[in-house]
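Peer 1: Provided below for reference: sequence and predicted model.
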Amino acid sequence: MAHADSSSAPAGAPVNFIHQIIEEDIRTNANGANGQVITRFPPEPNAFLHIGHAKAICLDFGTAVKYGGRCHLRMDDTNPVKEKQEYIDAIKVDVSWLGFEWGDHEYHASDYFPQLYDWAILLIKAGKAYVCDLSPDEVSRTRGTLTTPGTPSPFRGRSVEENLDLFARMKTGEFPNGARTLRAKIDMAAPNLNLRDPVMYRILHAEHPRTGQAWCIYPMYDWAHGQSDWIEGITHSLCDQAYEEHRPLYDWFLDQLIALGAKSPNARYRPKQREFARLNLPYTVLSKRRFLDWVEGGFVRGLDDPRMPTLSGLRRRGYTPEAIRDFCERIGVAKRENVIEYALLEHCLREDLNKRAPRAMAVLHPVKVVIDNYPEGQVEQFDAVNNPEDPAAGKRQVPFSKVLYIEREDFMETPAPKYFRLYPGNEVRLRYAYLVRCTSCVKDSGGNVTEVHCTYDPATRGGNTPDGRKVKATIHWVSALHALDAEVRLYDHLFTKEDPDDVPAPVPAPAPGIPGGDWRQNINPRSLEVIQAKIEPSLAQAKPGDKYQFERLAYFCCDPDTRPGKPVFNRTVALKDTWARIEKKRG
RNA sequence: UGGCCCGUGGUGUAACGGUAACACACCAGGUUUUGGUCCUGGUAUUCCUGGUUCGAAUCCAGGCGGGCCAGCCA
C-alpha cells in the first residue's frame, strides 16, 4: 500500500503512544474491528500541504502499513468558499511524492453529503437538532464565555415538523447565506464550548469544486468528520491535539446515530479519535492561512518558494521524501508541545544526500588564480570521483588550465590561526589536479585581492604526492576558460526570530485565531541571496530537480527556472563547516 | 470561582514500580585528495512539595508552569 515502510523498526523498539493504544485495541478487540486498522489522512483542499502534514501523513499511512491495514486519502471538502480543485491536485502530488499510496481509497467528504443530510433529518426527528434563525453575531453573543454559560436560542423549542420544513427549505435554496443554521441540541451550559448547540449546517450559496451547485447547505467539520470516518469504516481517526476538545462532540454524534438505529454502510464498529501534538519548527509558522499572507505580501515568490515549509517548497529546495520521512520517524509522536530544531531536519537531509548526490565543483565567490609556471594554452583533463560514498556513481573528467577560479574564502593574505588554505608561502592541493604553492597576490586600489599567483608541482598530477608529502588543505576550483556561469540562490530562514509572532508591541488581535502583533517586522530581509557562480562544465546537463553536492560547500538542487545555457541552482543545505565554527568561536 | 491537554539533558523521544536510555546539538580526539563523510570518547536530564512503597520519572494529593478553546473555518 505504501512504499514507505514504517514497520522496519527493530523488535522491542519503543512504540509511540498511538501505537500502544492501537495494539491494546487489537488485543482486546476494543472496537469490534477484529484487528483491522484503517486510518485516514483528511486534508482540507484549501492550501498546500506543509511539513507538519508530513508528520500526520507518516503517522496515518505508516500506522496502516505497520498493522497491515490501509489508509484512506480523504479530502475534507465541506467549505466550498475556500476549497479549489488546484489544491486537491496539489495534495495528491505531495502525498504520493512523499511515498505513500492510497490505491482506490480516495474519498471526499462531499461524497457523503446525501448520507449526512439524511442523518441530520434523523436527528431532527429525534428532537436532537433544530433550525436556528439567529444571525452569526447573535449566535456568538448567546454562546456565553469561557466562564459563563450560554443562553438557549429562542428557536430551540421549535417543533419537529417546523424544523423538518425549514431544513428542507434551507436545502432548496430558499434562504440567503447566514439566514439560518441547523444546530445540534446539546447543552448551552456545557463547560466545553463545542457542546453548546454547535452548528451542523450553514447556508452557503457557492460553487463546490466537486458537487457544483447541487448543494447550498454545507456540513460543518464536527458533523462531517466523525460520520465520514464511520461511513468509511475508519478504526482510528488520528488528529491534531486541538481536536481533543471536539472529541465529546465526535462521540456524541455517533452515539445519537447509533441509538437511533443508523448504520454505517461499511462498518459494524465505530471509529475512535485519538490526538497527538502537531509539529512546530522555529523561524517559521506551520499554518496554511499564513502562507497566503506571505505570498500576498510578496515576501516569497509563491507557495512553492524554496523558503516555504510547504512540501512543494521543500521539494523545490531539494529536500528528498526519504529525508522527510526519516525526520518524521525521528521526531516521534507524543502529546507535549514541541519545537524541533532545524539541525535534526538538516541532519536527516544531509545523511540522505551524502549517499546519493553526485559531487561537482562550483565556485560561489570567485577569485582568479594564475599558475605562473603552467604552460600557456595547455589544457588537461583530470578524473574526478562522482561520489566517494557510492563507487557505482563512477567518474567524470574536469578540465584544468593555467587560470582558475577558487573561492575567495580559500585565500587569506595574512592567515588566521589554524587557517590551512592558500596564503603566501603555503601549499595546498587543488582537488584532483595538482599541489600548488602561493607566491603572491594582486590587489586593487581598495585593497581587495583580485588575483592570486601560484606555482604548481608537475610531480603531483592528479593531486597525488609520490614523495608522501602532506598538505593540510584541499580546495576546489574551476578552470576559468571552461567554467559556466550559473545563477545560485542562497536561502536563509524567512524570519529572524524563532517565533515569528514574537513582536515588541503586540496590537490587539484583529480576528479570532489571528495573533496580534505584526509578524512583518520579523521578516528576514536576507532570506534570499542571488549570486552568479562559476561552475564546472559537466553541470551543463543538470535538469530541474537534479541534486548535487558542490564540494566543500553545500548540497544544491537545480531549479525549474533553469533555461538552456542559464542554469539556476538552489542551495538546499550547507555542509557542516568546522572552519566556520572555529572562526565563530574566535569571534 | 470555566473546560481540555501537557511538564524527563540545549532540542526531541524512550524507560509502563526495580541501575534514567537513544537521536540530534555541543565539546575533545582519530582517519581523510571535501575543515564533508566515517570512527572513538566526553559534558549534560526526571517542575516543586508532601504521601504510598523495601524501592517512584512512573502511583496518589496539593501546588507551580506551559499550550489550546468563545468561526455559520478545519
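Peer 2: Sure, I can see it.

Peer 1: list the contacts of residue A:77.
Peer 2: A:44-45, A:83, A:88, A:108-110, A:208-210 (Cβ atoms under 8 Å, 6 or more residues apart in numbering). Every C-beta, even on glycine, is put in place using the N, C-alpha and C of the backbone.

Peer 1: low-confidence regions, chain A specifically.
Peer 2: Applying pLDDT under 70 to chain A picks out residues A:1-14, A:505-517.

Peer 1: contacting residues around whichever residue of the stretch 301-450 of chain A sits closest to RNA strand B?
Peer 2: Scanning the stretch 301-450 of chain A for the residue nearest RNA strand B gives residue A:332, at 2.6 Å (criterion: Cβ to the nearest atom of the strand). Residue A:332 makes contacts with residue A:16, as judged by Cβ under 8 Å, 6+ apart.

Peer 1: could you rerun that using 6 Å?
Peer 2: Listed by Cβ atoms under 6 Å, 6 or more residues apart in numbering, the contact set of residue A:332 is empty.

Peer 1: shouldn't residue A:250 be in contact with residue A:227?
Peer 2: No: with contact defined as Cβ atoms under 6 Å, residue A:250 does not count as touching residue A:227 (9.4 Å).

Peer 1: residues near residue A:104, how many?
Peer 2: Using other Cβ atoms under 10 Å, residue A:104 has 7 neighbouring residues.

Peer 1: how about it, secondary structure?
Peer 2: At residue A:104 the chain is in coil, as set by DSSP: H, G, I helix; E, B strand; the rest coil.

Peer 1: could you do residue A:58 as well?
Peer 2: helix.

Peer 1: excluding chain neighbours, what is closest to it?
Peer 2: residue A:328 (3.9 Å; Cβ to Cβ, 6 or more residues apart in numbering).

Peer 1: helix or strand for the one you found, just tell me which one.
Peer 2: helix A:321-331 (DSSP states H and E).

Peer 1: residue A:162 too?
Peer 2: helix A:160-172.

Peer 1: the helix or strand just after that helix - contacts with which helices or strands?
Peer 2: Of the helices and strands lying after helix A:160-172 in sequence (DSSP H and E), the nearest is strand A:181-184. Applying 3 or more Cβ pairs under 6 Å, 6 or more residues apart in numbering; DSSP states H and E, one finds that strand A:181-184 contacts strand A:129-132, strand A:199-203.

Peer 1: the residue nearest to residue A:58 reaches residue A:55, doesn't it?
Peer 2: Yes: counting by Cβ under 6 Å, residue A:328 touches residue A:55, with 5.0 Å between them.

Peer 1: what parts of the stretch 401-550 of chain A come near RNA strand B?
Peer 2: Residues of the stretch 401-550 of chain A found near RNA strand B (Cβ under 7 Å from any atom of the strand) are A:418-421, A:429, A:431-432, A:462-464, A:473-476, A:512-513, A:549.

Peer 1: can I get the helices and strands packed on strand A:181-184 in CSV with mean neighbour count and distance to RNA strand B?
Peer 2: Formatted as CSV, the helices and strands packed on strand A:181-184 follow (neighbours: other Cβ atoms under 10 Å; distance: least, Cβ to the nearest atom of the strand, whole Å):
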stretch, mean neighbour count, distance to RNA strand B
strand A:129-132, 24, 7
strand A:199-203, 22, 3
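
Peer 1: domains in chain A, by residue range?
Peer 2: When chain A is parsed with automatic domain parsing, its domains come out as A:2-276, A:361-484.

Peer 1: deepest-packed of the ones you listed, please.
Peer 2: Of all the domains of chain A, domain A:2-276 has the most neighbours on average by mean count of other Cβ atoms under 10 Å, namely a mean of 18.

Peer 1: residue A:385 versus the residue of the stretch 451-587 of chain A found nearest RNA strand B, what's the distance?
Peer 2: Taking Cβ to the nearest atom of the strand, RNA strand B has its nearest neighbour within the stretch 451-587 of chain A at residue A:463, 2.4 Å off. Counting by Cβ to Cβ, to the nearest Å, the gap between residue A:463 and residue A:385 amounts to 11 Å.

Peer 1: also residue A:227?
Peer 2: For residue A:227, the distance to residue A:385 - Cβ to Cβ - is 59 Å.

Peer 1: also residue A:533?
Peer 2: Counting by Cβ to Cβ - residue A:533 and residue A:385 are separated by 21 Å.
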